[in-house]
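sharing a model that was predicted from the sequence below.
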Amino acid sequence: MSKQLHCAPKLIVLTSHPIQYQVPLWREIAKTKLDFEVWFLTDQGVKRSVDQGFGATFAWDVDLMSGYPHRFLELKGAWDLRKFRGIELAKSLGAQLRVAGATALWVEGWRLKPFWDAVFAAKKIGLTVLMRGEASDKISEKGGPFGLFRKVMLHWLFTKVDYFLAIGQASRRFYLKHGVPERKLLNAPYCVDNEFFRREAEKYRKAGTDGIRRAWNIPEDTKIVMFCGKFIPKKRPMDIIHAAQAHQTQGAAHPWHLLFVGSGELGAELRKACDVRFDVDQKCPQISNFQSPLPPRPSASFVGFLNQSEISKAYAIADVLVLPSEAWETWGL
């Protein structure tokens, strides 16, 4: 009588690059008994590279590589994460999945061609496919021939996926709208390493935050309203300035001081609308004793892009964090 062989399950996670809010999840999975490995297409964030939204070159300054099994896939030539065909693999994904002994594939979305290739390769060799993409039913889909073509292609791709990992309610509605049955939907919200940020913020609070306020020239009698993100239209940073102007015209007892953490294409416009007390980029001088035009300019500090080891300074002193993004943005961390 022949002996039936049972292959132990092994999960391969395919994602674009090490991402600071994904890595804690990979580490948590590594603590379980599940045999898995994360495959990265590029090393963005680990090595210094350009982020177009921030308009800056940087690498994350926290450890993104330890605590979980991973590898970087071999590529052909240079890569560009902004383009669907911006990454070309040197070896067949199907062959690599076979060699790794994979039984399931988790793909982080569909915005890059290798993600599509991985799904089709996985189904061809009989793997279970899971997908977690930045999807939202609030995003207006393009019309015309291209929009129709995209919709048809997505439907075709989705028929190859066994389970969809919804990052939120808008994500769940998106999949349902595209014909995905309820039984294929699992909840898999984005996550943040809350303990890290609590620990870092508490460290700054215990040391005293007066020094941080002085370094960023923040007046003592103000409430700090913080914006953290890219200075781009869909993040709507100008909304905070408009709110602060309305607050000032009402003669509030405690004026606001705006703390802008980040950078991007709207930087000059934001600075022009504010009484800039501190500017890390020094693109405009500090303004004092100015004659306020109408509407009034709220006082503000522009501290630039703060990396993971520094950003808790801003969280520690902020009274309010504002996230005024467009309704159609997929997710706000």
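Cool, got the structure.

when you work out contacts or count neighbours from here on, use the C-alpha atoms and nothing else.
OK.

shaky segments in this protein?
1-7, 49-58, 140-141, 252, 283-295, 328-333 (pLDDT under 70).

for residue 88, phi and psi?
Phi and psi for residue 88, reported as degrees, to the nearest 10, are phi -120, psi 120.

test my guess that it contacts residue 117.
No: in this structure, residue 88 is not within contact of residue 117 by Cα atoms under 8 Å, at 10.6 Å.

any buried residues in stretch 115-129, and which?
Neighbour-count burial for stretch 115-129, counted by 16 or more other Cα atoms under 10 Å, picks out 115-116, 118-123, 127-129.

and those residues, which is closest to residue 42?
Distance to residue 42, by Cα to Cα, is smallest for residue 115 among the buried residues of stretch 115-129, at 13.0 Å.

so what sits opposite the closest residue in space to the closest one that isn't next to it in sequence in the bridge?
Excluding its sequence neighbours, the residue lying closest to residue 115 (Cα to Cα, 6 or more residues apart in numbering) is residue 107, at 6.4 Å. Judged by DSSP bridges, the bridge partners of residue 107 are residue 14, residue 131.

closest to residue 262 out of the buried residues of stretch 115-129?
Nearest to residue 262 among those, counting by Cα to Cα, is residue 115 at 29.8 Å.

packing partners for the host helix or strand of that closest one?
Using DSSP states H and E, residue 115 sits within helix 113-124. When contacts are defined as 3 or more Cα pairs under 8 Å, 6 or more residues apart in numbering; DSSP states H and E, helix 113-124 packs onto helix 93-100, strand 104-107, strand 128-131.

CA atoms only for that helix, dumped as CSV, please.
Below are the C-alpha coordinates for helix 113-124, written out as CSV (Å, rounded to 0.1, in the frame of the first residue of the first chain):
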residue,chain,number,x,y,z
LYS,A,113,3.2,43.5,-12.7
PRO,A,114,5.1,41.0,-10.6
PHE,A,115,2.1,40.8,-8.2
TRP,A,116,-0.1,39.7,-11.2
ASP,A,117,2.6,37.3,-12.4
ALA,A,118,2.9,35.8,-8.9
VAL,A,119,-0.9,35.2,-8.7
PHE,A,120,-1.1,33.4,-12.1
ALA,A,121,2.1,31.4,-11.3
ALA,A,122,0.8,30.3,-7.9
LYS,A,123,-2.6,29.2,-9.3
LYS,A,124,-0.8,27.3,-12.1
